[in-house]
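Q: Structural data only, the sequence is not supplied:
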């Protein structure tokens, strides 16, 4: 039983100080104990769960803090256990379980969900759940519920979360009817495929598109064919993804010829749309935006249907698909995705897309809609498809998109100081922000007094510059809006590439600043060349950052004082059993995010995670982990240990940092925890090099 | 403004025109001798400089290659303010871009430097078979409005250097020697005096 669970998804969330009273499901812990006894002898439940810092003084402080916070933790304990279930369920290959979870939510609300989930955390998936029920129950419309009086449907996620609302039932019924029809057509087919889901989503608004496509009346044989095809396409997409990240991703919009009638368009795994509140299309990730006018109008109809009821649609789940809505004044953003990313992540991506649009146009574009609600915004965004498609690509590889932190290029402290001081000179001469970057990594940046730059803005700025080929041909001077600095006004950006990958951005509030900024650049370039900063930058890009293989075996001189908590382990257990693969103790990868610095460092991908497909999968796993740790309703959490067939993920969040680490799926838990402590110590030891310190333009 | 000193002329030149007319391609052909079949759209404006020897003078062009996208139209004055010369570019296979060029000419006549040397470039002349703006029509429009006109091709380099040479040649004649606007110091003392009276 124990080993069986170990190979399946056994997830565990543990608080800093396990209070026995809060363990509401003893059997789960029994399994855990058995597991543990397989790996190591007499490990104490309490002590192993927490990555207790064994030597390092900084992390030792963490542990005392956590003890002090025991009360708070106990209160959160219930929530933590709920997460256990969700996490476990979500990770399962067997979709039936995930569905039944949804079903549970629909029927019984939070309590049912909780107990049910705790159960499936141990018990294997019930093999037979009728698909038809699942599909029906799976349809769920969730809303912002600001006014409690307006909540009239079934509560799904507790007090302030999403819930089904009565007045949406009508629309839902139509949708369900369609879904049911599809379902019966499909018979034993596992799921509704992407195309059907899109169709059923569309149909309630009766745009006529569903009819044209005739999706629900297609014979079952052809359905099956299509589904198989879609699976193939998905594989292709992954292969495509490999090409994208290995051979440098080629910017530019693809598949412009498609529209919502194209089979290929409907098979895309992740769509992004921007539309106006009158339903005019503004941007679509795939396909010709003008041909998607009908589809856009449909999305608008769904949004306004809910808005007319005094509510706001956040999320529609349709089988494997999630439709996420975000409305920003007269602009609506929609994501349709079957990537199984968490809602929060997709919503964050829509926020970034909106930010990117603001960066190009400023928020004053809203005035155009005040004057003319039917204003067509597409010409205003002319030529920026590459910017958005490159951002969408970022969502599958750049951790900055969900960590809300930036990453610095590793450099020797004096080298970075040299770059920083010359940028500071420039900032003192009236430049608002001076940013020196190499690809998406910051070499140095300086802001004028009191001016601070949000990490999200940095991501959007660097994406804008890197995706526009025009900046590479010569020096440029362009109006740019920095959304978190001032969404209403343009700043003027001087952009110049110092070499193929290193570029300088100088931002000024004055539209006449070009010649001054140009002189600043000449000065900066001369100093950087003289002090060899540019060659150091290139060397660092070549060498890469932290490699897990280099994790110091004995990171701290105080190693003699082994923590009493983890002291039971004999030294042999520290032996690297996976020599040659990844780092010590089966460490494969980690991301360390410093809260104060707004920066993160991600280790280089090592042997087991060397294909882009694996990297993307790990990226998604981190994304999910981040969302589960920062869940607004039941979080934030402190630690999480999660094991599945791909890897062991360990997350540790303190008020100073967040650590996300990936281990071999067979890695020992206690060792993993110990290794995490070593990683934190290692990061501390080299923080001068891997982080930009003392720039402190970040007031938040 | 064009400045003359020791027969060295510094001249700010701006390229205006609809997106896709070929402004960047013309500049890149002129400055770097390059041509890209798929030139990415310009963001804001790109700055180039190139020096030409004309007769006895040396003309240093400071070239602003502006973006043709609609969102940048309102920002164009930022780039053409104080320019000694402008090339208004249209795509001769696209009548819409010619209409847009006429609007740029109007705007420059109203708001630009009155002594500005203006050239009208009908670009993509290598695509003769797709022509939709006749040379005669463009030439007569140019003459009426005091521009000089050339049909160019950045792809084949036809007339590219010529149009810049022609501008360089016309510059000294169009531009009477004077201090550039940014360097006028005469007003300063009065301003300072006013300020001091304010304070006292």
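A: Looks like it came in fine. Here the structure is a predicted model, which is why all the values come from computation and not from measurement.

Q: Neighbours of whatever residue of the stretch 301-450 of chain A ends up closest to chain B, how many?
A: Residue of the stretch 301-450 of chain A nearest chain B, by CB to the nearest CB: residue A:383 (3.3 Å). Placement of C-beta: from N, CA and C, glycine included. Residues lying near residue A:383 (other CB atoms under 10 Å in any protein chain shown) number 21.

Q: do residue A:309 as well
A: Neighbour count for residue A:309, taken as other CB under 10 Å: 17.

Q: Residue A:488 too?
A: Applying other CB under 10 Å, we find 11 residues neighbouring residue A:488.

Q: was I right about it contacting residue A:361?
A: No. Between residue A:488 and residue A:361 there is no contact under CB atoms under 8 Å: 11.0 Å.

Q: overlap in contacts of the two?
A: Counting by CB atoms under 8 Å, 6 or more residues apart in numbering or on different chains, the shared contacts of residue A:488 and residue A:361 are residue A:481.

Q: How much space separates residue A:485 from chain B?
A: Relative to chain B, residue A:485 is positioned 18 Å away (CB to the nearest CB, to the nearest Å).

Q: quick one, what contacts that residue?
A: Applying CB under 8 Å, 6+ apart to residue A:485 gives the contacts A:451-454, A:457, A:491.

Q: quick one: pLDDT of it?
A: Looking at residue A:485, its pLDDT is 95.

Q: Kindly report the same for residue A:549.
A: 88.

Q: Check residue A:292 too.
A: Note on residue A:292: pLDDT of 92.

Q: and what of residue A:192?
A: At residue A:192, the pLDDT recorded in the model is 33.

Q: likewise residue A:469?
A: As predicted, residue A:469 sits at a pLDDT of 90.

Q: Adding secondary structure and pLDDT, write the contacts of residue A:485 out as CSV.
A: Formatted as CSV, these follow (DSSP: H, G, I helix; E, B strand; the rest coil; pLDDT from 0 to 100):
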residue, secondary structure, pLDDT
A:451, coil, 79
A:452, coil, 85
A:453, coil, 92
A:454, coil, 95
A:457, helix, 97
A:491, strand, 96
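
Q: before we move on, the earlier item: tell me the SS of the residue of the stretch 301-450 of chain A closest to chain B?
A: coil (DSSP: H, G, I helix; E, B strand; the rest coil).

Q: Now it. Nearest residue, chain neighbours left out?
A: Leaving aside its chain neighbours, residue A:383 sits nearest to residue B:41 (3.3 Å; criterion: CB to CB, 6 or more residues apart in numbering or on different chains).

Q: Equivalent analysis for residue A:617, please.
A: Leaving out its chain neighbours, the residue that sits closest to residue A:617 by CB to CB, 6+ apart is residue A:646, at 6.9 Å.

Q: now swap in residue A:479 and tell me
A: Nearest residue to residue A:479, sequence neighbours excluded (CB to CB, 6+ apart): residue A:490, at 4.0 Å.

Q: Not counting stretch A:347-359 itself, show me its contacts.
A: Identification of contacts with stretch A:347-359 by CB under 8 Å, 6+ apart yields A:272, A:274, A:283, A:314, A:324, A:326, A:328, A:331, A:333-335, A:365, A:381, A:387-388, A:391-392, A:395, A:401-402, A:456-457, A:459-461, A:463-464, A:480-484, A:487.

Q: which of those are buried?
A: Among those, those buried by neighbour count (16 or more other CB atoms under 10 Å in any protein chain shown) are A:272, A:274, A:283, A:314, A:324, A:326, A:328, A:331, A:333-335, A:365, A:381, A:387-388, A:391-392, A:395, A:401-402, A:456-457, A:459-461, A:463-464, A:480-484.

Q: In strands only, show me those residues.
A: A:272, A:274, A:283, A:314, A:324, A:326, A:328, A:331, A:333-335, A:480 (DSSP state E).

Q: Output the residues you listed as TSV; include the columns pLDDT and distance to residue B:80.
A: Output for those, formatted as TSV (pLDDT from 0 to 100; distance: CB to CB, whole Å):
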residue	pLDDT	distance to residue B:80
A:272	96	36
A:274	96	32
A:283	95	30
A:314	94	47
A:324	97	44
A:326	97	39
A:328	95	34
A:331	96	32
A:333	97	36
A:334	97	40
A:335	97	41
A:480	96	20
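
Q: Next, the contact list for the residue of chain B found nearest chain A, please.
A: Proximity of chain B to chain A (CB to the nearest CB) peaks at residue B:44, 2.3 Å away. Residue B:44 is in contact with A:476-480, A:493, B:66-67, B:72, B:75, counting by CB under 8 Å, 6+ apart.

Q: go with 7 Å
A: By CB atoms under 7 Å, 6 or more residues apart in numbering or on different chains, the contact set of residue B:44 is A:476-479, B:67, B:72.

Q: filter those residues to the buried ones?
A: By neighbour count, with 16+ other CB under 10 Å, those hold A:476-479, B:67, B:72 as buried.

Q: JSON lines please, covering those and showing secondary structure and distance to residue A:300.
A: Listed next are the buried ones among the contacts of residue B:44 as JSON lines, based on DSSP: H, G, I helix; E, B strand; the rest coil; distance: CB to CB, whole Å:
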{"residue": "A:476", "secondary structure": "strand", "distance to residue A:300": "36"}
{"residue": "A:477", "secondary structure": "strand", "distance to residue A:300": "37"}
{"residue": "A:478", "secondary structure": "strand", "distance to residue A:300": "32"}
{"residue": "A:479", "secondary structure": "strand", "distance to residue A:300": "30"}
{"residue": "B:67", "secondary structure": "coil", "distance to residue A:300": "30"}
{"residue": "B:72", "secondary structure": "helix", "distance to residue A:300": "29"}
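
Q: any chance of those in JSON lines, plus pLDDT?
A: Output for these, formatted as JSON lines (pLDDT from 0 to 100):
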{"residue": "A:476", "pLDDT": "95"}
{"residue": "A:477", "pLDDT": "96"}
{"residue": "A:478", "pLDDT": "95"}
{"residue": "A:479", "pLDDT": "95"}
{"residue": "B:67", "pLDDT": "95"}
{"residue": "B:72", "pLDDT": "92"}
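
Q: The residue nearest the centre of chain B is in what secondary structure piece?
A: By CA atoms, centre = their mean, chain B has its centre lying nearest to residue B:86, at 2.1 Å. Residue B:86 is part of strand B:85-91 when elements are defined by DSSP states H and E.

Q: Give the pairing partners of that strand; include direction for each.
A: Here strand B:85-91 has these sheet partners by DSSP bridges: strand B:8-17 (parallel), strand B:117-123 (parallel).

Q: Report pLDDT for residue 143.
A: Unless you meant another one, I'm taking chain A. Looking at residue A:143, its pLDDT is 46.

Q: Please refer instead to chain B.
A: What the model reports for residue B:143 is a pLDDT of 96.

Q: Can you tell me how far it is from residue A:446?
A: 53 Å (CB to CB, to the nearest Å).

Q: neighbour-wise, which of the two wins?
A: Set side by side, residue B:143 and residue A:446 show more neighbours around residue A:446, with 26 against 12, by other CB under 10 Å.

Q: Surely that one is in contact with residue A:427?
A: Yes. Residue A:446 is within contact range of residue A:427, at 4.5 Å (criterion: CB atoms under 7 Å).

Q: what sits in contact with each of the two?
A: Common neighbours of residue A:446 and residue A:427 (CB under 7 Å, 6+ apart) are residue A:434.

Q: so where's the chain uncertain?
A: I'll assume chain A. For chain A, applying pLDDT under 70 flags the ranges A:1-254, A:554-582, A:695-700.

Q: my bad, the chain I had in mind was chain B
A: Looking at chain B by pLDDT under 70, you get B:1-6, B:172-200.

Q: what do you get if the cut-off is 90, keeping everything else the same?
A: Applying pLDDT under 90 to chain B flags residues B:1-9, B:54-57, B:74-75, B:112-113, B:115, B:171-200.

Q: got the residues of it near chain A?
A: Residues of chain B lying close to chain A by CB under 7 Å from any CB of the partner chain are B:19, B:28, B:40-48, B:69-71, B:75, B:78.
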